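In: What shape does this take:
(one chain, ligands or ions: 1)
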Amino acid sequence: MPHTDMILVIGANGQIGSELLAALRNEYGIDKVIASDIRTPGKELNDSGPFELLDVLDKSALERIIRRYRITTIYHLAAMLSAIAENKPLSGWHLNMGGLLNVLQSSVDLGVSRVFWPSSIAAFGLHSPRQNTDQWVVMDPNTVYGISKLAGEGWCNYYFEKKNLDVRSLRFPGLISYKTLPGGGTTDYAIDIFYHALKSKHYTCFLRADTRLPMMYMPDAIRGTLELMQTPAGKINIRTSYNFSAINFTPEEIASSIKKVIPGFSIDYKPDFRQAIAESWPESMNDTQARADWNWHSEYDLDAMVKDMLQHIER
Ligand SMILES: NC(=O)c1ccc[n+]([C@@H]2O[C@H](COP(=O)([O-])OP(=O)(O)OC[C@H]3O[C@@H](n4cnc5c(N)ncnc54)[C@H](O)[C@@H]3O)[C@@H](O)[C@H]2O)c1
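Out: Reported below is the predicted structural model:
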């Protein structure tokens, strides 16, 4: 990315945004990266560089910010996540689709050249193969979140093909991190479990013991996002969204890994409505295309991630 680029992060207060923002500022300079969110940021984020309050559904406000800072690249992260959107389907659709379309169209109208937007493993569905799920398979999501991600992938590809906008995207698995709390997704158990392990040595999981899902530690996800965005455009062959994979595990397996560090830890299971959501998603992903096109590889395995999470949360 040229150093003259001006970057806007939308949804910067969130689980991914707060870490991506820090990484982008570290890489490109504090004044080159404008944070924005519908919520006022905490002190740490507020003090870390320029911030604008923005509802991404307000297209005029978005365009004012793009013009004021002469934005050339947007990372659009504002969305309603899977479990919350299932309880508010129409608002979920409105935010997830309306926000993306505002970003794509304003980018074309105002000369923003590059957009990053995350899709999700939720874009797959009940008839998608569940093991080692390939880039190109049947996709029939049955959650409003998944429907919005699949439709969003189509719109990203459309704006690339028809409007020449350099849109790039990753199908994120469940992301595990300790800097902010998760935003209401189906994989949140794999974060909650660490806080309970350290506080009470017991966790009641909202998914069944054997529910396998693709996951990734946040440092891998942030590095992968930067690497994708730094790849020359000619090498990007997927303009819907790349399969993007690191580890996969079940609640039982992450509990065993935690027990290696906290021997007295125990877990029980009370599956709720999120069980059905998890069962409509892949168990593991094939990310051959990301490896081939931009040399993607993950660094953290389950035990390394668990050790690092426990150390940081304890601190
Ligand atoms: N976290 C994960 O495990 C995961 C997995 C797959 C995909 N994703 C995708 O990554 C993106 C970011 O996810 P996250 O986990 O950081 O979510 P999050 O809920 O933690 O953060 C989203 C942020 O967007 C902000 N926001 C909400 N409505 C807004 C609006 N109208 N205008 C501006 N900002 C608004 C929120 O205040 C919040 O700070 C989403 O598109 C999500 O679907 C996340």
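
In: Whatever residue of the stretch 1-150 of the chain ends up closest to the ligand: how many residues sit nearby?
Out: Nearest to the ligand, among the residues of the stretch 1-150 of the chain, is Gly14, at 2.0 Å (CB to the nearest ligand atom). Placement of C-beta: from N, CA and C, glycine included. Residues contacting Gly14 under the criterion other CB atoms under 10 Å number 22.

In: so how far is Ala255 from it?
Out: 27 Å (CB to CB, to the nearest Å).

In: these two touch, right, the residue of the stretch 1-150 of the chain closest to the ligand and Pro182?
Out: No. Contact criterion CB atoms under 8 Å: Gly14 and Pro182 do not qualify, at 9.1 Å.

In: show me the residues around the residue of the stretch 101-250 of the chain found nearest the ligand that make contact.
Out: Distances between the stretch 101-250 of the chain and the ligand by CB to the nearest ligand atom are smallest at Gly183, namely 2.4 Å. If you count contacts by CB atoms under 8 Å, 6 or more residues apart in numbering, Gly183 has them with Gly14, Gln15, Leu81, Ile84.

In: for the last one, what are its contacts?
Out: Ile84 makes contact with Gly92, Gly183, Gly184, according to CB under 8 Å, 6+ apart.

In: Tell me the secondary structure at Thr204.
Out: Three-state assignment for Thr204 (DSSP: H, G, I helix; E, B strand; the rest coil): strand.

In: ok, it - how many residues close by?
Out: 13.

In: ok, it touching Pro271?
Out: No. Counting by CB under 8 Å, Thr204 does not reach Pro271; the two are 10.4 Å apart.

In: I would like the residues contacting stretch 30-45, please.
Out: 3, 5-14, 17-18, 21, 24-25, 46, 48-56, 65, 69, 71, 78.

In: Next, check those against the strands and list the overlap.
Out: Ile7, Leu8, Val9, Ile10, Phe51, Glu52, Leu53 (DSSP state E).

In: Can you tell me which of these is nearest Asp140?
Out: Ile10 (28.7 Å; CB to CB).

In: Could you restrict the ones in strands among the contacts of stretch 30-45 to the ones contacting the ligand?
Out: Ile10 (CB under 6 Å from any ligand atom).
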